[in-house]
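Undergrad: Here's my sequence, what's the structure:
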Amino acid sequence: MPKLSGKVVLITGAARGIGAQTARELARRGARLALAGLEPDELAAVAAELGDEHFWTEADVTDPGSVRAAVDRTVERFGHLDVVIANAGIAPFGTVRGTDPAAFVRTVDVNLNGVFHTVRAALPHLIERRGYVLVVSSLSAFTPVGGMAAYTASKAGAEALASALHSEVMHLGVSVGSAHPSWIDTDLVRDAAGDLGTFGELRKRLPWPMRATTSVEECARLFAEGVERRARRVYVPRTIMLMHWLRNLPASRLVERLMLPTTRRLVPRMEAEVAALGRSFSQRNQELQSRD
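TA: Numbers count the residues shown, from 1 in each chain. Predicted coordinates:
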């Protein structure tokens, strides 16, 4: 019998991208999915594609009550909860000097506080089932890149939260892992590239494997394998493991000197592009944030 057969998995940010594709992969492996997020039409479409044994529910991860209600609805529907994937996330544009403070705060609220609210609401059920938590962090958590300070800070915080939680609940039989995808071919990455020309240029000049792009299907497969193994770390692609081992290298003087000509040229251009754009998120994300 497949390892995930009959397991109940709640995924936040499941309407599109990594969340939706991971749901498809887990369903293929026998799991029952609860899809949570802010886009009801997209969530309903993914749930319908997966089949009647799966369901969706609206949830705003920045609202503890909303997340708690989504967990309660999941347990009411399936009787229990085995796995939570805290995947909901956003990525704003801009440097620390030029960013909209509200966008920075919003990013931390979704990417870090949202993980906390999700995990805390689910923990009683996960303890009961000796379940598993996968916190979706990022390669950015240990390889900071200029122009992504809000995203990097929030994802580093999510990784640290997962590590602390791991030590808090392992004696209760709950396993906790963090996922570290690099550049995944999703609408989030494509929208950023479409809005900012400097985004693509900066990526091209990052050292291997920091510039690698992975398909969303491959990312979902590695996430699903991580859930099956109750993995402590999930790297996408697997070569990102090297950057975790060498996590101090990107902040070293050597890399700083190598990247200085690029950052000196591209960062001011990025700041000008963001100012001209007149918004801190992609158009799709800007509309989504305005729903709250």
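Undergrad: OK, contacts around His125?
TA: 71, 75, 80-81, 131 (C-beta atoms under 8 Å, 6 or more residues apart in numbering). Placement of C-beta: from N, CA and C, glycine included.
Undergrad: Could you tell me whether it really is in a helix?
TA: Yes. Checked against DSSP: H, G, I helix; E, B strand; the rest coil, His125 lies within a helix.
Undergrad: Now do the strands in the stretch 51-200 of the chain.
TA: Remark: strands assigned in the stretch 51-200 of the chain by DSSP state E, counting those that start in this stretch are 55-58, 83-86, 132-136, 175-181, 183-184.
Undergrad: Tell me which of the ones you listed sits most buried.
TA: Most buried of the strands of the stretch 51-200 of the chain by mean neighbour count (mean count of other C-beta atoms under 10 Å) is strand 83-86; its value is a mean of 28.
Undergrad: what sits against the nearest residue to Arg73 once chain neighbours are set aside?
TA: Nearest residue to Arg73 in three dimensions, chain neighbours excluded: Thr57, at 5.0 Å (C-beta to C-beta, 6 or more residues apart in numbering). Going by C-beta under 8 Å, 6+ apart, Thr57 touches 34-36, 43, 69-70, 73-74.
Undergrad: circling back: wait, which of the strands of the stretch 51-200 of the chain is closest to Ile240?
TA: strand 175-181 (5.6 Å; C-beta to C-beta).
Undergrad: who are the neighbours of the closest one, in terms of helices and strands?
TA: Where contact means 3 or more C-beta pairs under 8 Å, 6 or more residues apart in numbering; DSSP states H and E, strand 175-181 is packed against strand 132-136, helix 149-169, helix 216-229, strand 233-236, helix 240-245.
Undergrad: With distance to Ala14 and mean pLDDT added, can I get these in TSV?
TA: Shown next, in TSV, are the helices and strands packed on strand 175-181 (distance: least, C-beta to C-beta, whole Å; pLDDT from 0 to 100):
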stretch	distance to Ala14	mean pLDDT
strand 132-136	11	98
helix 149-169	17	94
helix 216-229	11	97
strand 233-236	17	95
helix 240-245	23	66
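Undergrad: which of these is buried the deepest?
TA: strand 132-136 (a mean of 26).
Undergrad: what angle separates that one from strand 175-181?
TA: If you take axes from the mean of the first three to the mean of the last three C-alpha atoms, to 10 degrees, strand 132-136 sits at 20 degrees to strand 175-181.
Undergrad: Within the sheet, what are the partner strands of strand 132-136, with directions?
TA: strand 83-86 (parallel), strand 175-181 (parallel) (DSSP bridges).
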